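Fold the following for me, if possible:
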Amino acid sequence: MLNEHLRTNVSPFQTVHAATPNESDSAILRAAWAQACRRLRAEVGEDVFVSWFARLELDSVSAGSARLSVPTKFLKSWITAHYTDRILAALTTEFSDLTEVVITVRSSVRPQAHRPLRPVEAGSSTNERAAPSSRSSDLDAPVAHATAAVHHPDADGLSGSPLDRRLTFSSFLIGRSNQLAHAAAQRVSSARSGEPLLYNPLYIHASVGLGKTHLLQAAAHAAMENGRRVIYLTAEKFMYGFVLSLKNQSSIAFKEKLRAIDVLVIDDVQFLQGKSIQHEFCHTLNALIDAGRQIIIAADRPPADLESLDERVRSRLAGGLCVEMGSLDEALRAKILETRIAAARVAQPGFEVSPAVIAYVARTILTNGRDLEGAVNRLLAHAMLSGSPLSVEVAEGAIRDLVRARDPKRVKIEDIQKLVATHYNVSRADILSSRRTATVVRPRQIAMYLSKVLTLRSLPEIGRRFGGRDHTTVLHAVRKIEGLAGRDGLLSEEIELLKRMLTD
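This next block holds a predicted model:
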């Protein structure tokens, strides 16, 4: 047994280190930590394990204490607050004398000879198991070489998300669909401290892959170059920072630092959840706007359609300039393709795509920039692997999966709610309300059913879009309408009519 071996080879006060010259001790620790990881994974599940435990390392066991380390202060704080009891229980099976678990933040630069043990079965990818970068960070994610953090992390939880140096105004491609959003972002980011703010907040909304994140990061870069204090955050980072500041009892410092900046840039605000977090977010918006500080926000839909957000937050966001980035027009799609092909040609000089093929792909793929990039990758693979020139026929076969995957019209839950409300002569507010009258309940259930069958949204997400309802309510509605439609021919015809109206 591991305990017996440790007791016979190590005195009670001798520390067992991962880098000890005794290789058998290293092997024992490695095996013990692997067993503990298996137990933790079984208890918390794969997703939680990979998120919080994949970069946790067992450094030593000594005098009833197990010392583990993580690369960031954020991970240390979160694991210490939520999982130390589980870790202790998992390790006690291997080391019966353990009484405590101590978690530390390991140095960002370590000599190669003293690298700590890594779990044998950590369930993480190669990137997650790589050694920490030379720059300390509180971000719980690997940062690529092309990124730079706007703000350094602090104990108060205020930690900016990384900026990609490639996402600037100079690399942003402009077309009719995004011209207004680009001009507005460039205008607000070029203003200097003390100048009046024309559009505040600036709210940009667009579907996935249309460039809103690129535009926000470009605005953050430009504002920094103008000497303004900037922080760029995703909604998730704002939530984590706020929760961390509460746990560290540093929420006042969190608020003060956040309100002392010149430009606040927040991406994917539709993911902002929690009443207390939204309450603080609303106060932050009010404080910054009243102090003449610029706010730039992006989401996947207009403020009025963010049902999960508090009404005061939606009202504040709608009070500025709201700009939609529409679908990419054909000329812009062709421009994006040409740029991607030129970038691919740097690595593969023999990669040539004729204007006819570019025009065909630009006409065929109507969705977003990510699908266009996927098309270039497929063309490159066909050209390099086959060695034959790319004709329109070859391109048609190479991108067929992208075209088929996007043929159906993308239906939005908001469109379903509006159509169902009109069809049954009720208001959309009625459908989102808590009213339980028969004239409202049936249309609400039909709208939930259609949202499940016509969109890719999960049951919890659908519930949030219907006034913050639980996913079990949505599931009940779906089963109810399925059962009724199977017995009632008129209701079945009505639902099929609504489907055609939404998808045609």
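
Now do stretch 313-332: distance to the chain's middle.
Counting by Cα atoms, centre = their mean, to the nearest Å, stretch 313-332 is centred 20 Å from the centre of its parent chain.

now that stretch: mean pLDDT?
Across stretch 313-332, pLDDT averages out at 88.

what's the span of it from first residue to last?
Using Cα to Cα, to the nearest Å, the span of stretch 313-332 from its first residue to its last is 34 Å.

In it, which residues have enough neighbours to count as buried?
Of the residues in stretch 313-332, those with enough neighbours to count as buried (16 or more other Cβ atoms under 10 Å) are 313-314, 316-317, 320-325, 328, 332. All C-beta atoms are positioned from the backbone trio N, CA, C, and that covers glycine.

Mark which of these are part of helices, please.
313-314, 316-317, 332 (DSSP state H).

Columns distance to residue 237 on top of the residues you listed, output as JSON lines?
As requested, those are exported to JSON lines (distance: Cβ to Cβ, whole Å):
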{"residue": "313", "distance to residue 237": "17"}
{"residue": "314", "distance to residue 237": "21"}
{"residue": "316", "distance to residue 237": "20"}
{"residue": "317", "distance to residue 237": "18"}
{"residue": "332", "distance to residue 237": "30"}
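
of all those, which comes closest to residue 422?
residue 314 (22.3 Å; Cβ to Cβ).

My guess is that closest one contacts residue 303. True?
Yes - contact between residue 314 and residue 303 holds when scored by Cβ atoms under 8 Å: they sit 4.6 Å apart.

still on that earlier bit, let me know the closest of the buried residues of stretch 313-332 to residue 209.
Within those, proximity to residue 209 (Cβ to Cβ) peaks at residue 328, which comes in at 9.0 Å.

Without its sequence neighbours, what residue ends up closest to the closest one?
Sequence neighbours aside, residue 177 is the residue nearest to residue 328 in space, at 5.8 Å (criterion: Cβ to Cβ, 6 or more residues apart in numbering).

Secondary structure element holding that neighbour?
Secondary structure from DSSP states H and E places residue 177 outside every helix and strand.

Show the contacting residues for it.
Applying Cβ atoms under 8 Å, 6 or more residues apart in numbering, we find residue 177 in contact with 210, 325-329, 332.

Check residue 178 too.
The contact partners of residue 178, taken as Cβ under 8 Å, 6+ apart, are 206, 210-211, 215, 325-326, 332.

now with 10 Å?
Contact partners of residue 178, counting by Cβ atoms under 10 Å, 6 or more residues apart in numbering, are 172, 185, 204, 206, 210-212, 214-215, 323-329, 332.

how much space between residue 359 and residue 366?
Relative to residue 366, residue 359 is positioned 14 Å away (criterion: Cβ to Cβ, to the nearest Å).

What is the nearest of the ones in helices among the buried residues of stretch 313-332 to residue 46?
The closest of those to residue 46 turns out to be residue 313 (Cβ to Cβ; 34.0 Å).

centroid residue for the chain?
The structure's the chain has its C-alpha centroid closest to residue 236; by Cα atoms, centre = their mean the separation is 6.9 Å.

Please name the nearest non-neighbouring residue to that residue.
If you skip the residues right next to it in sequence, residue 236 has residue 271 as its closest partner in space, 6.1 Å away by Cβ to Cβ, 6+ apart.
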